[in-house]
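K.L.:
generate a structure from the sequence data that follows.
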Amino acid sequence: MRTSFMLFAISFICFTGISQQLQLEKASPFTAVKWENDIPIVTVNNEWYTLEKLDLYTTEELVAFCKKQYGLKWKKRFSEDLVEVLKTIGYQPQEKVTLVLSNKATQQKEVIGIFTLENRQKVVAYNHTARKTNKSPQKITIQQAINDIEEFQQILELRSSYVHLTAFDYKTAIASLKNTITASKEAIEVNYLTHELAKILAEIGDRHSSVKNESFVKESHATYSLQLPFSLASLNGQVVAVCRTTDEESYEYLHADFPFVKSINDIAIHTMIDSLVYKHKKAPEDAKLSRGVSEIQQLGKIYFANNLQLPKQTKIVFTNGHTDKTAWVQLQSKQSPYYSKIAWNTYIKSKEIKNGKLAGISKLLNENIGYISLPRMYHFKEVKAMQEYIDSTFTAFENTKALIIDIRFNPGGGRDLIQKFANYIVPTSNSPWVANVAYLRTEAKNTDHSSMSNRFLYPYASDKWSETDKASITAFLELFNTQKKFDTTKFSNPHYMILHAGKHSYNKPIYILVNERSFSAATVFTSAFKGLPNVTIAGVTTDGSSGNSQSTQLKHSNIRVKISTMLSFQRNGKTLDGNGTKPDIYLPINQDQLLKGTDTQLKQLVKHINEK
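P.N.:
Numbering: from 1, shown residues only. Here you go, the predicted structure:
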């Protein structure tokens, strides 16, 4: 193997193509790819072959590069994104490519493959079918379970980013699980192993991570779909039981004299949220409570995810803070979750935008206040007219006295909107503005990684940055320190997201309205603009989290493990995960918003703007 290749092509000898330069970004010379001991077996001309070489590169070189560059997603990238792989190496593919192939029936031979989009689509379809048919076994042997647990630990230590920040002793937890498995005298259920690994991963604090048995069929578990026969919601740090009013337009307390839920099956409600709803254990407090009550609503699912037996009847203790009321309820299959009216309107607006109807994004409020609602963090490729709409909106709002950008219940998405809004939000005096710092779990220290550049994150040495940009990074770093120290040798050099003022900045006060369900890229949006002199964050601490996830499947159980490979820091040095972004003006919901759907948060913010 050529050492220069493994050192990521320090020098590259240009190859004179045998055909015209390939113009397609998504294409493949194969129609299917499968794997035998990490060796690609490809379909060419309807025959399966072992790929020995692709033009200049041996299969060994290509596989080694993909493993190093793409981590847990290397097989997917090789099979579905071969053009990008080759360009990342420094090689421009031609339409026709020389392939060296072999199989049991024939010795090595050279054939000419043709890069086409149709071939690539067939590869994607083959991968999709293979994933669906590759069902997980229901049970595995004790030794197979031990092997999968050890593979899980290896994934954490080689790929996880947050394992380097956590104080949680995951090694002891994994050792304890292995001891429990070893002591078992029966085969291990894959669902049991899934849940135990998920508990360990949740303690690490990576909110974009997950452990899942993708072959689980909920109908196969008798009590999985059972839910509480009333709705749960959170209010002022408490859990309340509510139900729909007779007109179905609003809610009322299930028991007016005992509105709060104290315990379920003798487990204190907050203890249940802290322990049984482990998926959100490391979320900011408001988000943990809000998401926790939504999860507990599905009580059968919660017991299943904790490997617990669900009682035949469910004991609920209601309280008013002074006296209690005990009731026994029968769980039901019918869904009765609490829906915030604002969350529902956000969902409807999101569907309209998906269908190209953008008019509902903005409006003019009373007292000449502009209002923009973003139900998701859209990629501009998804909504092609979005950029023009934003430009026209800021033009229309030029003479308003203030602007509210509402991203409550926004689950995230891409970062295109951050860059676009920066043109109008960032003042010229604060441009360039270093908005986000991130590190990627990789040995390639100073490379423009595609998974980071897709998030507008680049290292200091990148050609993306001008000298002015680099000067702003240098000035920023004089005051920047990460809240927690970690072994930077395990990560890339820091990557930065920089925002720039546009030609026509909005020069009035801007308020970003958020809540505990503003997640992922929505919380990046919030933190990116926090600290600018013209921006005020209002509402409730966001749900934080900013991941760069990669997935893999454990060998014996086929359990899917998804891990974040990026540490993402706010300007204050705190990670987004576990902290979220705190508002400058705290505006929690009140009883009217909870029960009647009145948007009291927005009303309070408008009042604040007018008084100011």
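
K.L.:
switch to C-alpha atoms for all contacts and neighbour counts from now on
P.N.:
OK.

K.L.:
now do the contacts for Leu403.
P.N.:
Ile369, Gly370, Tyr371, Ile372, Phe397, Lys508, Pro509, Ile510, Tyr511 (Cα atoms under 8 Å, 6 or more residues apart in numbering).

K.L.:
what about the spatially closest residue to His504 that is not a sequence neighbour, how many residues nearby?
P.N.:
Residue nearest to His504 in three dimensions, not counting chain neighbours: Tyr424, with 6.4 Å by Cα to Cα, 6 or more residues apart in numbering. Residues lying near Tyr424 (other Cα atoms under 10 Å) number 20.

K.L.:
same question for Ser466.
P.N.:
12.

K.L.:
now do Asp38
P.N.:
11.

K.L.:
same check, this time on Asn430
P.N.:
Neighbours of Asn430 (other Cα under 10 Å): 14.

K.L.:
ok, now how distant is it from Tyr389?
P.N.:
Going from Asn430 to Tyr389 by Cα to Cα, to the nearest Å gives 25 Å.

K.L.:
do Ile498 as well
P.N.:
23 Å.

K.L.:
more crowded one of the two?
P.N.:
A direct count of neighbours by other Cα under 10 Å for Ile498 and Tyr389 places Ile498 higher, at 23 against 15.

K.L.:
how about the residue nearest to His504, what does it touch?
P.N.:
With Cα under 8 Å, 6+ apart, Tyr424 has these contacts: Phe394, Ala501, Gly502, His504, Ser505, Tyr506.

K.L.:
in which helix or strand would I find it?
P.N.:
Here Tyr424, judged by DSSP states H and E, is contained in helix 416-425.

K.L.:
could you give the average pLDDT over that helix?
P.N.:
Taken as a whole, helix 416-425 has an average pLDDT of 98.

K.L.:
what's Ala521 sitting at in phi/psi?
P.N.:
Torsion angles at Ala521 (phi, psi; degrees, to the nearest 10) stand at phi -60, psi -20.

K.L.:
I figured it hits Asp416, correct?
P.N.:
No: look at Ala521 against Asp416 with Cα atoms under 8 Å: they stay out of range, at 9.8 Å.

K.L.:
distance between the ends of stretch 360-374?
P.N.:
10 Å.

K.L.:
contact partners of it?
P.N.:
Here stretch 360-374 makes contact (Cα under 8 Å, 6+ apart) with 349, 393, 397, 400-407, 410, 606, 610.

K.L.:
hmm, Ile498 is touching Val437, no?
P.N.:
No: the pair Ile498 / Val437 is not scored as a contact, 9.3 Å apart, by Cα under 8 Å.

K.L.:
between the two, which contacts overlap?
P.N.:
By Cα under 8 Å, 6+ apart, the residues touching both Ile498 and Val437 are Leu457.

K.L.:
tell me the secondary structure at Ala461.
P.N.:
When states are read from DSSP: H, G, I helix; E, B strand; the rest coil, the local structure at Ala461 comes out as coil.

K.L.:
that older thread, among the contacts of Leu403, which are in strands?
P.N.:
Ile369, Gly370, Tyr371, Ile372, Ile510, Tyr511 (DSSP state E).

K.L.:
hey, what's the second one bridged with?
P.N.:
Which is Gly370. Note on Gly370: beta-bridge partners Leu364, Leu403, judged by DSSP bridges.

K.L.:
how many residues are close by it?
P.N.:
So Gly370, with other Cα under 10 Å, has 23 neighbours.

K.L.:
mind starting the numbering at 54 from now?
P.N.:
I'll keep to 54 as the first residue from here, and by that count the last item is Gly423.

K.L.:
read off the pLDDT value for it.
P.N.:
In this prediction Gly423 is given a pLDDT of 98.

K.L.:
wait, what's in contact with the residue most central in space within the chain?
P.N.:
Using Cα atoms, centre = their mean, the residue of the chain that lies closest to the mean C-alpha position is His261, 4.5 Å off. Residues in contact with His261 (Cα under 8 Å, 6+ apart) are Ser598, Ser599, Gly600, Asn601, Ser602, Lys615, Ile616, Ser617.

K.L.:
helix, strand, or coil at it?
P.N.:
Going by three-state DSSP: His261 is coil.

K.L.:
for it, give its distance to Leu493.
P.N.:
14 Å.

K.L.:
what's the answer for Lys561, then?
P.N.:
37 Å.

K.L.:
quick check: phi and psi at Lys583.
P.N.:
phi -60, psi 130.

K.L.:
my guess is it meets Val577, correct?
P.N.:
No: using Cα under 8 Å, Lys583 is not in contact with Val577, being 9.8 Å away.

K.L.:
neighbour count: those two, which is higher?
P.N.:
Val577 (28 against 22).

K.L.:
and the more buried one, what element?
P.N.:
Here Val577 sits within helix 574-582, counting by DSSP H and E.

K.L.:
now for Leu230, how many residues are close by?
P.N.:
A total of 18 residues lie near Leu230 under the criterion other Cα under 10 Å.

K.L.:
against which helices or strands is whichever strand or helix holds it packed?
P.N.:
Leu230 is located in helix 223-236, with elements delineated by DSSP H and E. With contacts taken as 3 or more Cα pairs under 8 Å, 6 or more residues apart in numbering; DSSP states H and E, helix 223-236 sits against helix 195-212, helix 243-257.

K.L.:
at 7 Å instead, please
P.N.:
helix 195-212 (3 or more Cα pairs under 7 Å, 6 or more residues apart in numbering; DSSP states H and E).

K.L.:
what are the contacting residues of the helix it packs on?
P.N.:
Val216, Lys231, Ile234, Thr235, Ala240, Ile241, Arg494, Leu607, Lys608, His609, Thr618 (Cα atoms under 7 Å, 6 or more residues apart in numbering).

K.L.:
let's see 8 Å
P.N.:
By Cα under 8 Å, 6+ apart, the residues outside helix 195-212 that reach it are 124-125, 216, 224, 227, 231, 234-235, 237, 239-241, 246, 250, 494-495, 607-610, 614, 616-618.

K.L.:
buried ones in it, by neighbour count?
P.N.:
For helix 195-212, the neighbour count (16 or more other Cα atoms under 10 Å) marks 195, 197-203, 205-206, 208-209, 212 as buried.

K.L.:
got the angle for that helix vs helix 223-236?
P.N.:
170 degrees (axes from the mean of the first three to the mean of the last three Cα atoms, to 10 degrees).

K.L.:
just the C-alphas of helix 195-212, formatted as CSV.
P.N.:
Below are the C-alpha coordinates for helix 195-212, written out as CSV (Å, rounded to 0.1, in the frame of the first residue of the first chain):
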residue,chain,number,x,y,z
ILE,A,195,-24.3,-15.1,26.0
GLN,A,196,-20.9,-15.0,24.3
GLN,A,197,-22.4,-13.1,21.3
ALA,A,198,-23.9,-10.5,23.7
ILE,A,199,-20.5,-10.1,25.4
ASN,A,200,-18.9,-9.6,22.0
ASP,A,201,-21.5,-6.9,21.1
ILE,A,202,-21.0,-5.1,24.4
GLU,A,203,-17.3,-5.0,23.8
GLU,A,204,-17.9,-3.7,20.3
PHE,A,205,-20.2,-1.1,21.7
GLN,A,206,-17.4,0.0,24.1
GLN,A,207,-15.0,0.2,21.2
ILE,A,208,-17.4,2.4,19.3
LEU,A,209,-17.6,4.8,22.2
GLU,A,210,-13.8,4.9,22.7
LEU,A,211,-13.0,5.3,19.0
ARG,A,212,-15.8,7.5,17.7
